[in-house]
Structures are given as C-alpha cells and as structure tokens.
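Colleague: Provide a 3D model corresponding to the input given below.
(2 chains)
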Protein chains: 2
Amino acid sequence: MSNTQVLFVKRPIGLFNPRETFKIVKTPIPTREDLKNEEILVKIRYLSLDPAMRPWMNDTRSYMKPLGINDIMRGNAIGEVIISKNPQFKVGDIVLSAFGWQKYAVSNGKDVVKINPFPGVSISDYLGVLGLTGLTAYFGLFDSKVKAGETVVVSGAAGATGSVAGQLAKIKGATVIGIAGSKSKCDWIKNELGFDIALNYRDPDFVGQFQKATPNYIDVYFDNVGGEILDLCLSRLAKNARIAFCGAISQYNEKKIKGISNYPALISNTARIEGFLIFDYQSRFPEAIRDISKWLKEGKIKRREYIINGLENAPEGLLKLFKGENTGKFLVNVGDDVKAKL
Amino acid sequence: MSNTQVLFVKRPIGLFNPRETFKIVKTPIPTREDLKNEEILVKIRYLSLDPAMRPWMNDTRSYMKPLGINDIMRGNAIGEVIISKNPQFKVGDIVLSAFGWQKYAVSNGKDVVKINPFPGVSISDYLGVLGLTGLTAYFGLFDSKVKAGETVVVSGAAGATGSVAGQLAKIKGATVIGIAGSKSKCDWIKNELGFDIALNYRDPDFVGQFQKATPNYIDVYFDNVGGEILDLCLSRLAKNARIAFCGAISQYNEKKIKGISNYPALISNTARIEGFLIFDYQSRFPEAIRDISKWLKEGKIKRREYIINGLENAPEGLLKLFKGENTGKFLVNVGDDVKAKL
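Modeller: Reported below is the predicted structural model:
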C-alpha cells in the first residue's frame, strides 16, 4: 500500500502534454506517527478538474502564485478523514479542500470544509453544482443583475459552470441561448436543462445562426471561453450589456492569445466586461448554497457528471477537459472503493 | 453673402480623405421669411472637432444613426441667435447645440442650450472644459470611483477630455500617469497640469517606461485610444481595476481593428472595462458643470484650445485631430469676425 501523487514537473508552452507536464510518484502513506498535532490524513475520493488549472501552470502574475516545479498538482478534492489529530475533525468526516492530486493528503485543517450531503445530492456535488463551479455560476450571473425578459448568452454551456449559469438565468425569467461544442451537448442543455436555444459553435453556419438567435441583441453574456465567441458576442451587445467574464478556456493552451477586435462596441453600447473570481465571494457562499440547494430539491437545477476512474488518469483527463469531451462536471474518481453516484 | 455648409458625401473606408469625404457648398442664408414659427437662425462662431466624428461616418449599428450621404456634417457648435421666431430665444443669445458644419444654422430650439459665460471663461469653453468633452472626463473618471492614493492612467492625456480627466484624478488625490504623443504635450500635462508622470508613447522605450511607472499597477485607466495602449494597460492591472472606456481613437481610421490580447487579465485581476457615453448623464450635467466651474475659478483645472480658422478648413482639421496635432480642445473658428480668446 502506497500513496500516489501527481507532480507538476514541467511548465508547458502552449498545449500541455500530460506525460511531460506531470509525473506520477509513489510515496509512503503517512501514518499516525507522521502527523503533527492539528493534522488530519484524508483519503481522497473525488478530484475536480477545472479549466483554471492550465493558467496556474504559467509563470505569470495572477490571482494565485504559479504552480512550482515538482509541486503536487493543485486541485480541489473531496475525501474522508481516516486519521485525525485535529479536534475539529473525526474519522469518517467527509471533507473538501484544495488537497491536490494525491490519493492521501495531510492537512492542518485550515480551509477544510466538512460536507453533509442532504437527500438527493452526492458528495461529489460539492465539487460541482454545490461547489466552486456552481457558486461561480451563481455569483457571476446574479452580479450581472439579469432581469426577466432579458437575453442571456452562455458559452461553455454544457460545462460545469455554464450549465448552471444558464439554468439560473432561466430561473430569473431570461431568454437563454447556450453555446456548446457538439450536438449531444446542445440536446442536453435544450431538452433537459430548458435553455431556449442551443447552438453548436462547430457548425459551419454558427455565426449566422447566432445572429438570427439574437434579434434583440445580448443583455448578459456569461463567458467561459473568451476568443472568437467573445468577439462575436461583442458584435451583438444590447445597450447596457454586461459580460460576466468567468473564463477563457479557448485561449488557455494557445501560445499567443488571439485578440478580440470588437471591443469598441463596449463604448457604443455602454456595455461592460467584468472579470470575477469565486474566491472574492466567500462571505456570501452560504446564501448561494442555500438557494442552489433549494432549486436542486425543486428540480429547477439539474446537473451531470463526467467521471473518469483512477488518479493516474487525471493528466489525460485534464487534456480531455480542454478538448471538450465532458458534458457537465469533470471529476476523477480517486477512491478505488467508491462508485460514482447520480 | 451666402451660407457655407460642409456635406458628408462619401463614406470612407479606413483613413478618410478630407477632400473626398466632404464637399463644401454655398447656399442662401435663410431669411426671416424662410423661418417657421419656433425657429431661430444661428450664426455659428465655433465648431467642435471630436474623435467620435469618424465612427459616425460608418454605416454600422451604434448609439446614433450613421451620417447619411449628403447630410450636413454633424457636430456641436456655438453661435449667436441672429433671427428668432422662438419666444425662448432672443437675438444676441449665445447658444450651443449640434448645429452641424455650417456658418448659419436653422433650429427649432430643441436641444439648444443658452450659454452665459462667467468671468474667466470664454464661450468656446462650453465646447470644451464646460462642454461635452469636460463632462465626459467628469463622469467617466468619477464613475470609476477613483480614490486618493490610487494609480490612474490617462491616454490621449493632452487631448480635450484626457487633460481634464487627469486633472480631476489629481483633485481626487490619485497618482496620475498621462500618456501623450509628443514631448511638448508631455511637458504641458506634467509641468502645467500637474500630472505626476507623462510618457510619450512614440518613445522607443515607452513600454519599459510604462512598466517602471506603474510599480503598483493601475487602479483606474481612463482610455481614449484603445489599441496597443489599452492592451498594455491590461497587462498592468491592479486587483479590482476599472477601465473607463471613453474612446478608441487609435482604431477609428483602421480598416481592420487590431485585437487586444491581454483581456484574460480582467479575470485574474477581477477588473472591468466599461464603455460610457456622455448622453446618458444628462440629468447630472448641472452637478458636473457646477464642480468644474468651481475648479476652473480656483485654478485647479486648466485648459488649452487649439483653434483653426475658417469652416472650409474643418475637413483638414479633422484629419489633424486624428494625427494628434492638437494639444487641448480642437476648435474651428467659424465666425469671420470672432477672435479666439484664452
């Protein structure tokens, strides 16, 4: 029995190569004797894969310090406390934190949250719809002050955050247009999630379809992708449009970011682009979790998980995320003995 | 004696050619008999030349309808009422409105404002520091909620709006960095207007100078130019930075707008770009005029005018504006018998 850890070993330029960027190592599983006071040992069950992981690899000024070479790959995870020297945690507690890409994690309990799923949700939901991805959708969309009757566009609409953002906009009474990268994704967001329109950006006539779908232009654009779709949306802004700028996944693996040219339309439409980070909303998490939980129970928010098995497959999984292979929340099932639910 | 009017006769692509874009025509001066009830005849004294005039020429969706072919060129002007059939105006009143590029204008009095200069200001100031340019600086800067001690960058800093925006930021106690296109402009904003730092973007080492000048990054960027300088500022954003997006003069004569690539920094710095138009602030004009007037009297705001003579020279003048030949407010002295003051 040993621990498995995935180390970040080489800073990529452009598209990362999973085998070069990461290295899988075996280390001893820490024992009770290895733990200091206040520390806990957590057996990881699920790992969250997120687009932001790619920018973390760059050695540039950002909201977090860049990953260091040979660091355990950073990432949110959920697991079970199996040894505790911290009075706040007991064996069996299900806990969430940025435990990183490893099967067993030692933590001093700081920034560790205990999870108590209510009926109808699984623990993995706390990495998705009830976790940072869902909360990101909540604050990004609602701080854009979307109103009933407005036109809301969501890119990455079949992803973990976009799928929730679109449903929240529907709850607010907006007309919601989702943009995704395959017919099956479009079918899901339209037929199951209730988006009004779903457009596949890989369709040859996507631009024409998009223009036709936005006769009253766009009041709110929840942007997960940046790039050409952002530029297209800039050409279709309504007066006082708000762009909630959540992510730019289309550009994260580019050696050179493709510029956006339609930005002067921000002036003529008195519109704004505003970047946001979920970490700035921590004091308001309880309010968001309360609302999302309620809508989950009422069936107003649905979600899907895309789960791969085995920590060893996380590096390849991250690449699949950037290729858009997932619908819904991308998770790695780390625990050998845990089966994904929902 | 005849009227002179400048017509917009050909929609330019890229850089406009004054002789092709405009046509100067002579028409009869309207007489009392030509005027309908409520109409006034105004003899124009000053015409304002503004960067926004170039986008008005494009046949694209914008905040105003595009100029029509053979329209009298649109523009704000100040003149004197010489005939009045409108009880709200009397002969001799000095009035401001979008009278257009002509020596004599007929108006029904709608959207015409009477001007009463106080000591120390000239009527032409109502096209500049006390007019839409000054008000644009006021609302763009103050709605960015600039605070004492913050770093404010202003581009087009020696222009009509930028020069006021920078002085307003100084009044608020910010550290102000102005970007302009010549040494003499830089000298003016630094030595006479009190900017903390003035940088000439034509210097070969401008980017290095700019980075050195922003060790604490940028809290507010008042952008008049768009393009490469906007992209540079995006690379230097502080947490929660606000970009007041006023204009993009660098791109208005480009056939193809050069994209900005550093926009993902809006996410990592939770920053925003917000476009604004002065027309949306009309209800708050009195407050702004009161404040600016006070600061003018106190000598806290200074201004300069760049005046060319003769309506016939307005088309070439507009080209000079885009070449950056002016320091301060660009005006055309239309009245043969009027000398520019200040």
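
Colleague: where do the helices sit along chain A?
Modeller: Ranges of helices in chain A, per DSSP state H, are A:18-21, A:53-56, A:132-142, A:160-171, A:183-187, A:206-213, A:227-234, A:265-268, A:285-297, A:314-323.

Colleague: now for the fifth one, which elements pack on it?
Modeller: The one in question is helix A:183-187. strand A:197-200 (3 or more CB pairs under 8 Å, 6 or more residues apart in numbering or on different chains; DSSP states H and E). In short, each C-beta sits where N, CA and C put it, glycine included.

Colleague: hang on, the earlier thing: among the helices of chain A, which is nearest B:Ala160?
Modeller: Of all the helices of chain A, helix A:265-268 sits nearest to B:Ala160, with 16.5 Å by CB to CB.

Colleague: check which helices and strands that closest one sits against.
Modeller: Against helix A:265-268 (3+ CB pairs under 8 Å, 6+ apart) you get strand B:272-275.

Colleague: model confidence over the strand it packs on, on average?
Modeller: Averaged across strand B:272-275, pLDDT comes to 98.

Colleague: contacting residues around the residue of the stretch 201-342 of chain A at minimum distance from chain B?
Modeller: Closest to chain B within the stretch 201-342 of chain A is A:Gly259: 2.0 Å, counting by CB to the nearest CB. Taking CB atoms under 8 Å, 6 or more residues apart in numbering or on different chains, we find A:Gly259 in contact with B:231, B:258-261.

Colleague: which of the residues you listed count as buried?
Modeller: With neighbours counted by 16 or more other CB atoms under 10 Å in any protein chain shown, these contain buried members at B:231, B:259-261.

Colleague: with respect to chain A, which of these is nearest?
Modeller: Using CB to the nearest CB, B:Gly259 comes nearest to chain A of the buried ones among the contacts of A:Gly259, at 2.0 Å.

Colleague: quick one, phi psi at the closest one?
Modeller: The phi/psi pair for B:Gly259 (degrees, to the nearest 10) reads phi -70, psi 160.

Colleague: quick check: closest non-adjacent residue to it.
Modeller: A:Gly259 (2.0 Å; CB to CB, 6 or more residues apart in numbering or on different chains).

Colleague: now do A:Leu237
Modeller: In space, A:Leu237 is closest to A:Asn269, 4.2 Å off (CB to CB, 6+ apart).

Colleague: test my guess that A:Gln102 contacts A:Leu311.
Modeller: Yes - using CB atoms under 8 Å, A:Gln102 makes contact with A:Leu311 at a distance of 7.4 Å.

Colleague: list the contacts of the residue lying closest to A:Phe285 once chain neighbours are set aside.
Modeller: Among residues not flanking A:Phe285 along the chain, A:Leu135 sits closest, at 6.2 Å (CB to CB, 6+ apart). Contact analysis of A:Leu135 by CB under 8 Å, 6+ apart lists A:278, A:281, A:285, A:288-289, A:292.

Colleague: could you measure from A:Leu135 over to chain B?
Modeller: According to CB to the nearest CB, to the nearest Å, A:Leu135 and chain B sit 15 Å apart.

Colleague: what of A:Thr175?
Modeller: 20 Å.

Colleague: ok, that residue - contacts?
Modeller: A:149-152, A:196-197.

Colleague: out of those residues, flag the one nearest to A:Tyr46.
Modeller: For the contacts of A:Thr175, the nearest to A:Tyr46 is A:Val152 (30.0 Å; CB to CB).
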